[in-house]
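> Can you look at this prediction? I've put the sequence above it.
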Amino acid sequence: MRYHLAGNIPQKRHTIFKSPEDQFYYEQLFGTEGFHGISSLLYHIHRPTQIKSIGPAKDVTPKIAVEKNITPRMFKGMNVTPEDDFMDSRKILLLNNDLKMGLAKPRKSMDYFYKNAECDELLYVHQGNGVLKTFVGDLEFFVGDYLIIPRGTIYQVELKSDDTVFFVLESHSPIYTPKRYRNEFGQLLEHSPFCERDIIAPTFVEPKDEKGEFLIKVKKENQITDFIYATHPFDVVGWDGYFYPYKFNIKNFEPITGRIHQPPPVHQNFEGHNFVVCSFCARMYDYHPMAIPAPYNHSNIDSDEVLFYTEGDFMSRNHIDLMDFTLHPGGIVHGPHPGAMERSIGKKFTEEYAVMVDPFRPLKITEEALKVEDPSYKTSWLEENDKTLEDRSQE
């Protein structure tokens, strides 16, 4: 992340700062990892600590259906049920101790505020558009945007379409850009597939100087608790630092290509503790005269592999629909479906877009996932399962 400043702040931190009406502003350190991680300083009109009441906690622990999985699986995201409420719409499909993943299809904008007090969030916009409103400003979002929301961010989502779909990832560790693409000062290097210009910080919004009762739903340890605060949480008159929500559009990722097939790490976009997130984007295929553009068969010995298919046609997979998730567990060889390798030869370009997550600890399968599973996927590499492929490869 790079340094960002918005609104009005004092010349020096931790010093007296007053309004033109001679009223104190109240400073808040917003950061993680104690006082060691990246942080920002926020300046509020009112003390951000004014709790009026705390309601009962609602348990939202995902229900595990498969504790130990070694089966290749596919989940039909189009069959995940939409819900009116933003938080109710989050259906967690896969998880381990490092992260949770799933899909959200909210029908209505949030009429409350929300704070995830233990996880960074990644919301990938598969469909729809709207505004992510936060206490440090607004981010308009559109199809293809990654919204990276640090833990502790108070936010609302305003929907501007009726069919919004998010791929959702919650991380128990901070979500960063890959270390290998940054120098010792944190600047993205020249060979990085994206640069700071592609990372969009929130647009500053005039603070809300309001008193009353403001509901903030706080999530921690798989519980959501209703906090009522006496002042509007978006009362920040200014802030600066390195810790803030931002957006990055998948179509601003510049694919790294080569004469022969490049391995998945070249597609890496983000990372957390024990996982990486990759963006598969429209790109030129390999240009060696004997190249096979389709991925080679490979074993994920040390990681599971999840692909969320979001746009285009996927050369290596047969019978894949948009919004599908595929899970290839560590230790089991996988690769292109029958006929895919042959079809790929001579192809020059792909228009596919997908989000890939590789966790380095095995994933558990939830009951929500089994509701939308295609049980035929595990045997989909058998050649007799798709007789039309041989004909297609000869066209």
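Everything's here; your move.
> what ranges do the strands span in the stretch 1-150 of the chain?
Here the stretch 1-150 of the chain has its strands, by DSSP state E, counting those that start in this stretch, at 4-7, 26-31, 39-44, 51-59, 64-66, 73-76, 90-95, 99-104, 113-116, 120-127, 130-134, 137-141, 145-149.
> Could I get the phi/psi values of the closest residue to residue 252 other than its chain neighbours?
Nearest residue to residue 252, sequence neighbours excluded (Cβ to Cβ, 6 or more residues apart in numbering): residue 198, at 4.1 Å. Placement of C-beta: from N, CA and C, glycine included. Backbone geometry at residue 198, expressed as degrees, to the nearest 10, gives phi -80, psi -10.
> so how far is residue 177 from residue 198?
10 Å (Cβ to Cβ, to the nearest Å).
> next one: residue 162
From residue 162 to residue 177 the distance is 33 Å (Cβ to Cβ).
> Redo the strands of the stretch 1-150 of the chain as a markdown table? Include distance to residue 263, mean neighbour count and mean pLDDT.
Listed next are the strands of the stretch 1-150 of the chain as a markdown table, based on distance: least, Cβ to Cβ, whole Å; neighbours: other Cβ atoms under 10 Å; pLDDT from 0 to 100:
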| stretch | distance to residue 263 | mean neighbour count | mean pLDDT |
| --- | --- | --- | --- |
| strand 4-7 | 34 | 17 | 97 |
| strand 26-31 | 35 | 17 | 96 |
| strand 39-44 | 35 | 21 | 97 |
| strand 51-59 | 41 | 11 | 97 |
| strand 64-66 | 29 | 14 | 98 |
| strand 73-76 | 23 | 22 | 97 |
| strand 90-95 | 23 | 24 | 98 |
| strand 99-104 | 22 | 25 | 98 |
| strand 113-116 | 33 | 20 | 98 |
| strand 120-127 | 22 | 22 | 98 |
| strand 130-134 | 33 | 20 | 98 |
| strand 137-141 | 31 | 20 | 98 |
| strand 145-149 | 22 | 24 | 98 |
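> Can I get these in JSON lines including distance to residue 256?
Shown next, in JSON lines, are these (distance: least, Cβ to Cβ, whole Å):
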{"stretch": "strand 4-7", "distance to residue 256": "28"}
{"stretch": "strand 26-31", "distance to residue 256": "32"}
{"stretch": "strand 39-44", "distance to residue 256": "32"}
{"stretch": "strand 51-59", "distance to residue 256": "44"}
{"stretch": "strand 64-66", "distance to residue 256": "35"}
{"stretch": "strand 73-76", "distance to residue 256": "28"}
{"stretch": "strand 90-95", "distance to residue 256": "27"}
{"stretch": "strand 99-104", "distance to residue 256": "25"}
{"stretch": "strand 113-116", "distance to residue 256": "32"}
{"stretch": "strand 120-127", "distance to residue 256": "21"}
{"stretch": "strand 130-134", "distance to residue 256": "29"}
{"stretch": "strand 137-141", "distance to residue 256": "26"}
{"stretch": "strand 145-149", "distance to residue 256": "18"}
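> so which of those comes closest to residue 172?
The stretch from the strands of the stretch 1-150 of the chain with the least distance to residue 172 (Cβ to Cβ) is strand 99-104; that distance is 6.7 Å.
> Contacts for that closest one next, please.
62, 77, 80, 86, 89-95, 119, 123, 165-172, 272, 275, 306, 323, 325, 357, 359, 363, 366, 368 (Cβ atoms under 8 Å, 6 or more residues apart in numbering).
> redo that, cut-off 6 Å
For strand 99-104, contacts defined as Cβ atoms under 6 Å, 6 or more residues apart in numbering pick out 77, 80, 89-94, 166, 168-171, 275.
> Equivalent analysis for stretch 85-94, please.
Against stretch 85-94 from outside (Cβ under 6 Å, 6+ apart): 62, 75, 80, 83, 100-106, 110, 157, 168, 363, 366, 368-369.
> State the number of residues packed around residue 246.
Residues near residue 246, counting by other Cβ atoms under 10 Å, number 19.
> pretty sure it is in contact with residue 198, am I right?
No: taking contacts as Cβ atoms under 6 Å, residue 246 lies outside contact range of residue 198: 9.8 Å.
> In the contacts of strand 99-104, find the pair that's most separated.
Spatial extent of those (Cβ to Cβ) is set by the pair 89 and 275 at 23.2 Å.
> Give me the more crowded residue out of residue 162 and residue 177.
residue 177 (20 against 10).
> ok, for residue 179, nearest residue in space, not its chain neighbours?
residue 271 (7.4 Å).
> Where does the one you found sit, in terms of helix or strand?
Residue 271 belongs to strand 268-272 when assigned by DSSP states H and E.
> For that strand, buried residues please.
Buried residues in strand 268-272, counting neighbours by 16 or more other Cβ atoms under 10 Å, are found at 268, 269, 270, 271, 272.
> before we move on, what about stretch 152-167?
152, 153, 154, 155, 156, 157, 159, 164, 165, 166, 167.
> circling back to that earlier point, return the member of the buried residues of strand 268-272 nearest to residue 9.
residue 270 (28.7 Å).
> mind checking which of the strands of the stretch 1-150 of the chain is nearest residue 222?
Using Cβ to Cβ, the nearest of the strands of the stretch 1-150 of the chain to residue 222 is strand 51-59, at 6.5 Å.
> Which elements pack onto the closest one?
Judged by 3 or more Cβ pairs under 6 Å, 6 or more residues apart in numbering; DSSP states H and E, the packing partners of strand 51-59 are strand 223-231.
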